[in-house]
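S.K.: pasting the sequence and the predicted coordinates here, then a few questions.
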There are 2 protein chains.
Amino acid sequence: MAYQSAFMALADPTRRHVFERLRGGPKSVGRIAHGMPVSRPAVSQHLKVLKKAGLVQDRAEGTQRVYSIDPKGLAAIRAWLDQFWEDALKAFQAEVEKKGVSA
Amino acid sequence: MAYQSAFMALADPTRRHVFERLRGGPKSVGRIAHGMPVSRPAVSQHLKVLKKAGLVQDRAEGTQRVYSIDPKGLAAIRAWLDQFWEDALKAFQAEVEKKGVSA
DNA sequence: ACAATGCGTAAGTGGTGACTTACGGTAAGA
DNA sequence: TCTTACCGTAAGTCACCACTTACGCATTGT
């Protein structure tokens, strides 16, 4: 049941922005924070939340800390979505057939 | 770009609980609120947010208002996830090949 | 017309979280 | 060793959001 923290984590725009910066590949904290409208400690705090949600992972590389995307968190959301999607679509189609809703 | 409000909407546990109550099919506000630890107006407010995010839709049925799941919101999240998934996995695999990470 | 039901909204409050600056700790270079 | 770079954490502040009660509106039944 880790999709809860994953949703919480991705809800914040700034945090999602941090997360999306890792899409192209691993980056250090400094490089992530560079050019962002918030301070570097703020980015660190966001990364902490993302890590706790299983969305990112980190490794030490000399004096700097490199973060990368952890597929585990995304997989959790995807699993929840897939399960929900099936039931919801089924109920939705049953509703369409019963009521004849077009739009 | 509606996935932003969708994530925001699904981040709150109570609101997600409201949303999940619609999985089995359309329900009136009263039936949704019945048995929940929050008041009925609170449920109304949550439904308002969910509707704005494209996650639910409503129709009038006599004196009561029936809410059901709107696939549009889920589709938005799924699209974002799919797009992200592809890029992230690609970068992740490139990282695995380069570094030889096993776990 | 009047009462009753079902719901949305207004107004106000408490708690949480996102941000800041300041500090401490670790690893590399001179 | 001393400095420098890079980062996480502590402490404090401020805005926002989830919730409550009170109220108003529309629809149905008598």
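M.R.: Arrived safely, thanks for sending. Numbering: from 1, shown residues only, chains lettered A, B, ... in the order given.

S.K.: and the nearest residue to residue A:39 once chain neighbours are set aside, what does it touch?
M.R.: Distance criterion CB to CB, 6 or more residues apart in numbering or on different chains; nearest residue to residue A:39, sequence neighbours excluded, is residue A:33 at 7.4 Å. C-beta here means a position set from N, CA and C on the backbone, and glycine is covered the same way. Each residue near residue A:33 by CB atoms under 8 Å, 6 or more residues apart in numbering or on different chains is listed here: A:39-40, A:42-43.

S.K.: hmm, 10 Å instead?
M.R.: Residues in contact with residue A:33 (CB atoms under 10 Å, 6 or more residues apart in numbering or on different chains) are A:18, A:21, A:27, A:39-44, A:46-47.

S.K.: over to residue A:41?
M.R.: A:29, A:33.

S.K.: so which helix or strand takes in it?
M.R.: Counting by DSSP states H and E, the element that carries residue A:41 is helix A:40-52.

S.K.: sheet partners, orientation included, of the very next helix or strand once past that helix?
M.R.: Downstream of helix A:40-52, the first helix or strand assigned by DSSP H and E is strand A:56-61. Partner strands for strand A:56-61, per DSSP bridges, with pairing direction: strand A:64-69 (antiparallel).

S.K.: and the partner strand with DNA strand D, contact?
M.R.: Yes. For strand A:64-69, a contact with DNA strand D is found by CB under 7 Å from any atom of the strand, at A:64-65.

S.K.: after that strand, which helix or strand is next?
M.R.: Heading C-terminal from strand A:64-69 (DSSP H and E), you reach helix A:71-99.

S.K.: could you check the angle the one helix or strand in chain A whose mean pLDDT sits lowest makes with strand B:64-69?
M.R.: Lowest mean confidence among the helices and strands of chain A (mean pLDDT, DSSP states H and E): helix A:71-99, at a mean of 80. With axes from the mean of the first three to the mean of the last three CA atoms, to 10 degrees as the basis, helix A:71-99 and strand B:64-69 are set at 130 degrees to each other.
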